[in-house]
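Novice: task: produce atomic coordinates for the following.
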Amino acid sequence: MSLGIAKQHLAGLVAFPTVSHLQNRDLIDWYAEKLESIGARVRVLAAPEDGKANLFATIGPEGDDGIVLSGHTDVVPAEEATWTSDPFRLREADGRLYARGACDMKGFLACALAVAPLYAQGTLRRPVHFALTHDEEIGCLGAQDLVALLKREALRPAAAIIGEPTSMRIIEGHKGCCEYTTTFHGLEGHASDPQRGVSAIEYATRFAARLLDLRQELKDRAPEGCRFEPPYSTAQVGRMEGGTARNVIAGLATVEWELRAINAADKEHATATMRDYCNKILLPAMRKIRPEADIETTTIGEVSGLEPLTDNEAREIVAHLTGDDGAALVSFGTEAGLFQSLGCSAVVCGPGSIEQAHKANEFVETDQLAACLGMLEKLNAQLR
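Specialist: Take a look at the predicted model:
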């Protein structure tokens, strides 16, 4: 019966076209109403962006020591021409449920909502929290706001299960992903006399070369026995742009770069290294010619990694619920590291395969929904 209810909820969820550049408030209000109807204590947390919101709801006792069931509500665009059905209308065929977000990650949200009435019956020993966020796909913006709020309010859940699609495997670690754009403001001039200008492209190139040198430093910092693949933090330049013509000294240039760190120490080392290189080496040289020259780095997104820990209550809880004693690491990022920064143990475990995410004809298998429902139903029994 719960599988049928989960399918109904999934149909309702995917009908909201919550692509990241659009609003998600209608979905949040819909989910909130269903939780309120069973007695959950629900907070809808409006974001500064118009039409965006997070949801944080609780069933069970007040206070700390709760278990968070967390998922993001936004989805990537569904503009591929190879969709064979309406991406925002659930279609079932051959044991699969097709729609944008069915796998990533509204399937988990549908299962959590289907099981919520069980948690509301009787008395739970620990709180169960439902956390729905906006804009995960473009930098975990909603989760950053939610975690900051929980820190301010000194609410400390003990464990978080982030229901990203893992084929119901337990994931205990992933790298962080930080994205930046560094802009160089030089001084244009005639190419026949380059010493009278400040070539933004030249300094952007030197910056990029230093970043590539940093890659070896990060490789040398790799801890012994690291289980990530590759087993060290990485940095790379994704895009460079600058200049107007071959015979004009470039006055403006940009470098778009990213960092995927295995731990917070590597992230701090990398960002401090590049910041110091700009402030101590590049900028003084640029300002010898033009005092107004400048270098600006804009943070596009900083997603915390999930560091594997020896002691992880969330991992132990999910292992008991699923019967799976193994735990793996993945390369894709999630909101789990943000909950870990709260002092909360965290794992990633949810229905569907990441191989189906961000593609046309995205789907989740009904067997995966059933397995997720089984895990969440067992959690209810464990908390009695």
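Novice: any low-confidence regions in the protein?
Specialist: 1 (pLDDT under 70).
Novice: okay, now the domains of it?
Specialist: Domains of the chain are assigned by automatic domain parsing as 2-174+305-382, 177-303.
Novice: put together JSON lines for those domains, with mean neighbour count on each row.
Specialist: No exception for glycine: its C-beta is placed from N, CA and C like everyone else's. Formatted as JSON lines, those follow (neighbours: other CB atoms under 10 Å):
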{"stretch": "domain 2-174+305-382", "mean neighbour count": "20"}
{"stretch": "domain 177-303", "mean neighbour count": "16"}
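Novice: which residues in the stretch 201-350 of the chain form strands?
Specialist: For the stretch 201-350 of the chain, the strands defined by DSSP state E, counting those that start in this stretch occupy 234-242, 248-249, 252-260, 294-303, 328-330, 345-348.
Novice: need those strands in TSV with distance to His9, can you?
Specialist: Conversion of the strands of the stretch 201-350 of the chain to TSV gives the following (distance: least, CB to CB, whole Å):
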stretch	distance to His9
strand 234-242	38
strand 248-249	59
strand 252-260	34
strand 294-303	27
strand 328-330	26
strand 345-348	21
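Novice: of these, which approaches Arg25 most closely?
Specialist: Closest approach to Arg25 among the strands of the stretch 201-350 of the chain is made by strand 294-303 (21.9 Å; CB to CB).
Novice: now do the phi/psi pair for Gly350.
Specialist: Note on Gly350: its backbone torsions stand at phi -160, psi 170 [degrees, to the nearest 10].
Novice: for it, give its distance to Glu316.
Specialist: According to CB to CB, to the nearest Å, Gly350 stands 18 Å off from Glu316.
Novice: with Cys372 instead?
Specialist: Cys372 sits at a distance of 18 Å from Glu316 (criterion: CB to CB).
Novice: what does Thr73 give?
Specialist: 28 Å.
Novice: now do the contacts for the nearest residue to Thr82 once chain neighbours are set aside.
Specialist: Distances taken as CB to CB, 6 or more residues apart in numbering place Ala360 nearest to Thr82, at 4.2 Å, with adjacent residues excluded. Counting by CB atoms under 8 Å, 6 or more residues apart in numbering, Ala360 makes contact with 78, 80-84, 87.
Novice: which one among those gets closest to Thr234?
Specialist: Distances from Thr234 to these, taken by CB to CB, are shortest for Glu80, at 28.5 Å.
Novice: what secondary structure does that closest one sit in?
Specialist: Counting by DSSP: H, G, I helix; E, B strand; the rest coil, the backbone at Glu80 sits in coil.
Novice: surely it meets Lys359?
Specialist: Yes: taking contacts as CB atoms under 8 Å, Glu80 lies within contact range of Lys359: 7.5 Å.
Novice: my guess is Arg125 contacts Leu379, does it?
Specialist: No: Arg125 sits out of contact with Leu379 when judged by CB under 8 Å, with a separation of 11.5 Å.
Novice: got the CA positions of the helix or strand containing Lys34 in CSV?
Specialist: Using DSSP states H and E, Lys34 falls within helix 25-36. C-alpha atoms of helix 25-36 as CSV (Å, rounded to 0.1, in the frame of the first residue of the first chain):
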residue,chain,number,x,y,z
ARG,A,25,7.5,27.6,-3.2
ASP,A,26,4.4,25.8,-4.6
LEU,A,27,6.1,22.4,-4.0
ILE,A,28,7.2,23.4,-0.5
ASP,A,29,3.6,24.6,0.4
TRP,A,30,2.2,21.4,-1.0
TYR,A,31,4.6,19.2,1.0
ALA,A,32,4.0,21.4,4.1
GLU,A,33,0.3,21.0,4.0
LYS,A,34,0.5,17.2,3.8
LEU,A,35,2.9,17.1,6.8
GLU,A,36,0.7,19.5,8.8
